[in-house]
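Enquirer: Okay, sequence plus prediction incoming.
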Amino acid sequence: MAFPGASDQEIRAAAVEVLAREEYARFRFVEPDWVIAFQRWIEGVLQWLRDLGDASPVLLFLLLGGLLVVLVVMIAHIVWSLRVAMRGAPATPKLDSPRAPRDFTAEAERLASVGDTLGACRALQLACLDLLLRRGTLELARHHGNATLRARLRRSSLPPALRDELIAAIDALERGWFRDRETSADLYADWQRIHRGLSGAVS
């Protein structure tokens, strides 16, 4: 729409004056102060770079090249850190490579050699139970206690004398492990004899 006798500049000035009125405030987009400040900072940096390029193109080239090198180094460091972190993460165990069975008898010998007969008896108890479980003489879950163990041993097919000796050794080890916190070389010898007996009796 044209206004006869008014120049473009006058029309723009009139439009600015109208929009500046309070009733038109809701139609004006006011940018936040931080946006305005950031825009001014960007404009200042660009102007400084233009001035630097006019005054010393070589210095501008060195500055931009240095910033590019820093950027490349930072990206390389991030990639290297991620690769190191991924290499250090525990690998998912393979289903086709089961772990070797635990050698409880070797543990018992090692513990006995350093004077820990209590730990050695405990390791031989685990060796006896592992033997019975692997050969199907005994069925037991991890959450079952010694009371369940004794009851199932009494119902097992073990020779009565060996079965009673095993239960008595479990009782003695239980007292030493949970109450007295000590054991003796004799009890360790008993567990060794029981383990040998089970190895021969369980087929």
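Expert: Sure, I can see it.
Enquirer: going forward, measure contacts and count neighbours with C-alpha atoms only.
Expert: OK.
Enquirer: what are the ranges of the strands in this protein?
Expert: In the chain, no segments count as strands under DSSP state E.
Enquirer: So, low pLDDT: which residues of it?
Expert: For the chain, the stretches with pLDDT under 70 are 1-6, 19-20, 22-32, 88-100, 183, 202-203.
Enquirer: could you point out the longest helix in the chain?
Expert: helix 57-88 (DSSP state H).
Enquirer: That one: how far from the chain's middle?
Expert: 29 Å (Cα atoms, centre = their mean, to the nearest Å).
Enquirer: Ok, stretch 40-53 next?
Expert: On Cα atoms, centre = their mean, the centre of stretch 40-53 falls 47 Å from the chain's centre.
Enquirer: Show me which positions of that stretch end up buried.
Expert: Residues residue 49 are the ones in stretch 40-53 that count as buried (16 or more other Cα atoms under 10 Å).
Enquirer: sorry, back to before: who does the longest helix of the chain touch, helix- and strand-wise?
Expert: helix 33-55 (3 or more Cα pairs under 8 Å, 6 or more residues apart in numbering; DSSP states H and E).
Enquirer: ok so, going back, between helix 33-55 and the longest helix of the chain, find me the angle.
Expert: On the basis of axes from the mean of the first three to the mean of the last three Cα atoms, to 10 degrees, helix 57-88 is oriented at 130 degrees to helix 33-55.
Enquirer: going forward can the numbers begin at 2, since that is how I track them
Expert: Got it, the first residue is 2 from now on, which makes the last one we talked about helix 58-89.
Enquirer: Only the buried residues of helix 58-89, if you could.
Expert: residue 61.
Enquirer: which residue packs closest to residue 123, ignoring adjacent ones?
Expert: residue 174 (7.3 Å; Cα to Cα, 6 or more residues apart in numbering).
Enquirer: Distance of the one you found relative to residue 181?
Expert: Using Cα to Cα, to the nearest Å, one gets 10 Å for the distance from residue 174 to residue 181.
Enquirer: Who has more neighbours out of those two?
Expert: Taking neighbours as other Cα atoms under 10 Å, residue 174 and residue 181 compare with residue 174 leading, 25 against 10.
Enquirer: Can you show me the helices along this structure?
Expert: Using DSSP H, helices in the chain cover 9-20, 34-56, 58-89, 105-114, 118-135, 147-155, 161-176, 186-202.
Enquirer: Need these in a markdown table (columns: distance to residue 141).
Expert: As requested, the helices of the chain are exported to a markdown table (distance: least, Cα to Cα, whole Å):
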| stretch | distance to residue 141 |
| --- | --- |
| helix 9-20 | 87 |
| helix 34-56 | 70 |
| helix 58-89 | 37 |
| helix 105-114 | 18 |
| helix 118-135 | 7 |
| helix 147-155 | 7 |
| helix 161-176 | 15 |
| helix 186-202 | 17 |
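Enquirer: which residues touch the closest residue to residue 198 other than its chain neighbours?
Expert: Distances taken as Cα to Cα, 6+ apart put residue 163 closest to residue 198, at 7.3 Å, once the chain neighbours are dropped. Residues counted as contacts of residue 163 (Cα atoms under 8 Å, 6 or more residues apart in numbering) are 195, 198, 199.
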